[in-house]
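[1] predicted model and sequence below, questions to follow.
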Amino acid sequence: MTPYQFDEFFASGLSESVSPFLTPSSRKWSKNLPLKSSFLAAFFLALAFAFSFFHPILSNLFLTLVFFLAGIPAILSAVEDFKNFEINIDLLMTLSAFISLFIGSGLEGALLLVLFEISGSLEESVGAKAKSAVTHLRVLSPTFAFVVDPSGNYFEKAVREIEIGSKILVKAGEIVPLDGTILEGSSSVNLVHLTGEALPKLKMQGDHVPAGARNLEASFILEVTRKSADSTLSRMIQLITQGAEAKPKVQRFLDRFGKKYSSLVIFLTFLFMFILPFPFLGMEGSIYRALAFMIAASPCALIIGAPTAYLSAISSCARKGILLKGGVVLDALSQCKRFCFDKTGTLTTGKLRLLELIPIKTSFSPLIALGIAESLERHVTHPMAEAVEREARRQGAPKMEVHSFSQKAGYGLQGTVDVEEKKLSVFLGSNDFIKERIPAELFRPGEPYSLLLIGEHLFYLRFSDELRNEGKETIAKLYQMGLKPMIMTGDNLSNAQKTAEEIGISEYLAELKPEDKLNLIAKFSEEGGLAMIGDGINDAPALARATVGISLGKIASATAQDASDIILLNDDISLIPWLTLKAKKTTAIVKQNLFLALSIILLVTTPALLGLIPLWLAVLLHEGGTILVGLNSLRLLKRG
């Protein structure tokens, strides 16, 4: 029998029958187990403290339970660290707690263990929340799919073994296991887990469906276009994992600093034990005061201050449909003063819209002319045709019957229509297509356009990119924040100018090649932090060179996404001001955490060494600071 992979084993349904302990109720008990255990230890510590006044034996019993629940995990971790020759704050805290026990300050040692376990559990909880996006995506990712064989039968097969080009059946209610194109059938799918967009999307034959989408209505057959390791869902999981693991400069420094600092604190503690004035033991003894110094000087709050803040921010962004490739991105974004937008597909939807139908030489009603244009365009698939059809539906233009329809690829359409009891020839297309039929002075070059000739009646159809609904508000907010938005596009100057005017941007550069964008990005980056927002392959070099590259998740090319630091999964550029404020807030909270941690160390260590602060108070101040830092970081989990 082929052995199960880990995820396949749990997906197989065998987990409950193989072990009687792996039941739904037992799994609930195991959730947040370290935190539950530490709070139970805190309860026993409170009982030990209460009974210490009138029943020492019961007090010692409860104290033993505290050291069992909180001390054994700490000892095991410390032994493992010691075996690896790694001196860190965990080892430092464990030493302090057990030395406290040996000098007769068991309650203080137990208090240190309990508070250290609680703060450690809270840190772990923050990390788990930050990684919850990965957990949810892994739950979404099916491990088996129904493969359709040439005879039309289907059988179950592990997703990781399915090759590109295979046909799979996706039933109603199921999660799409692999990226693919619909061959047969149609259905609505929900992409909320991938993009944050709650509205279902209709997918028909020929449409692409990403892995992780939920099939809502009817079954369909999908031709696989990406293997499991390269699927949309897998790539998102990889990006979130990279985001959690990529450490900012502050965090990398603190990780290195923590190891050296912990070694120094342990050395100074043992030094003070022997050089401080006697007595050696007791509440005023050198060991007691040296231990108070060790606890006060331990850099717990200092070490967790940065990572908990970054993890919380990454988690908050993931829930808004923003993927970050590491906390370092937040540091960089908080420094950006200029935001450069590509035009087509970024500030615009990439779809054309018919702005107006201008009569040039005619007595016809523009509405009738629009109906004739739509009647021609409905026979073809083209961005301009879609724009004409949408506008005709919006205005309620009359439908006409077209006879003798024909198309000249790349040029235009022609046919005949019955208008006002006359049969008229109709031509719709470019200047080159119609130039032999009308005077040259009537041509209007510039924006994307078409000419419509109905007999001798001439109309000019003016098109433009459709602006994103959220564009104006986004740009206005960036200006309010004191930032400098601008447009960088390869499109012509006329289109760039019109888009800039409509969306409210005062600075724009047009007709740029990829190398031009790259050189300008390099120049602006040297003048201060710069964020580049784009979606196409031609934007990839600029996205990689910018201080921060931001790409769109739904329409951006894979190359652009790979080159960027941030991906907006739902193509919602209105999140950019929110994300910028989140980055600034994250930087501020990291600074607050570091200031709080350093203040406690500086203000408590010397009084503790002089015997002015007892061991229990040093423990409370130290662990209280650690918990405050963790709770301060959790503020970044808010969506607002």
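    Here it is on my side, so go on.
[2] by contact count, what packs against the longest helix belonging to the chain?
    If you go by DSSP state H, the chain has its longest helix at helix 575-609. When contacts are defined as 3 or more CB pairs under 8 Å, 6 or more residues apart in numbering; DSSP states H and E, helix 575-609 packs onto helix 249-275, helix 286-297, helix 300-319, helix 328-334, helix 471-480, strand 566-568, helix 615-634. All C-beta spots, glycine's among them, are computed from the backbone N, C-alpha and C.
[3] now with 7 Å?
    Helix 575-609 sits against helix 286-297, helix 300-319, helix 328-334, helix 471-480, helix 615-634, with contacts defined as 3 or more CB pairs under 7 Å, 6 or more residues apart in numbering; DSSP states H and E.
[4] by how many degrees do the second one and helix 615-634 diverge?
    Spelled out, that is helix 300-319. With axes from the mean of the first three to the mean of the last three CA atoms, to 10 degrees applied, the angle from helix 300-319 to helix 615-634 works out at 20 degrees.
[5] oh, and call the first residue 348 from now on, that's how I've got it
    Fine by me, first position is 348 from now on; the one you just mentioned is helix 647-666.
[6] now do helix 647-666, average pLDDT.
    Summarised as a single mean, pLDDT over helix 647-666 is 77.
[7] on that earlier part again, same list, the helices and strands packed on helix 922-956, but as TSV with mean neighbour count please.
    Output for the helices and strands packed on helix 922-956, formatted as TSV (neighbours: other CB atoms under 10 Å):
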stretch	mean neighbour count
helix 633-644	26
helix 647-666	26
helix 675-681	23
helix 818-827	18
helix 962-981	22
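[8] could those helices go into TSV alongside distance to residue 719?
    Below are the helices and strands packed on helix 922-956 laid out as TSV (distance: least, CB to CB, whole Å):
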stretch	distance to residue 719
helix 633-644	84
helix 647-666	50
helix 675-681	51
helix 818-827	33
helix 962-981	62
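[9] right, and these - which one's nearest residue 937?
    Closest of these to residue 937 is helix 647-666, at 4.9 Å (criterion: CB to CB).
[10] centre of the chain to the closest one, how far?
    Relative to its parent chain, helix 647-666 has a centroid offset of 14 Å by CA atoms, centre = their mean, to the nearest Å.
[11] do the same with stretch 738-757
    Stretch 738-757 has its C-alpha centroid displaced from the chain centroid by 43 Å (CA atoms, centre = their mean).
[12] hey, C-alpha coordinates of it in CSV?
    Output of stretch 738-757 as CSV, limited to C-alpha atoms (Å, rounded to 0.1, in the frame of the first residue of the first chain):
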residue,chain,number,x,y,z
GLU,A,738,-23.3,51.9,-24.2
ALA,A,739,-26.1,50.8,-26.5
ARG,A,740,-27.7,48.7,-23.7
ARG,A,741,-27.3,51.7,-21.3
GLN,A,742,-29.0,54.1,-23.7
GLY,A,743,-31.6,51.7,-24.9
ALA,A,744,-30.6,52.1,-28.6
PRO,A,745,-32.9,50.3,-31.1
LYS,A,746,-31.6,47.0,-32.6
MET,A,747,-31.2,46.8,-36.3
GLU,A,748,-31.0,43.8,-38.6
VAL,A,749,-27.8,43.7,-40.6
HIS,A,750,-27.6,42.1,-44.0
SER,A,751,-24.6,41.0,-46.0
PHE,A,752,-22.3,41.4,-43.0
SER,A,753,-18.6,41.0,-43.6
GLN,A,754,-15.4,41.7,-41.7
LYS,A,755,-12.0,42.9,-42.8
ALA,A,756,-9.7,41.7,-40.0
GLY,A,757,-7.8,44.5,-38.4
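[13] now that stretch: average pLDDT?
    Mean per-residue pLDDT for stretch 738-757: 82.
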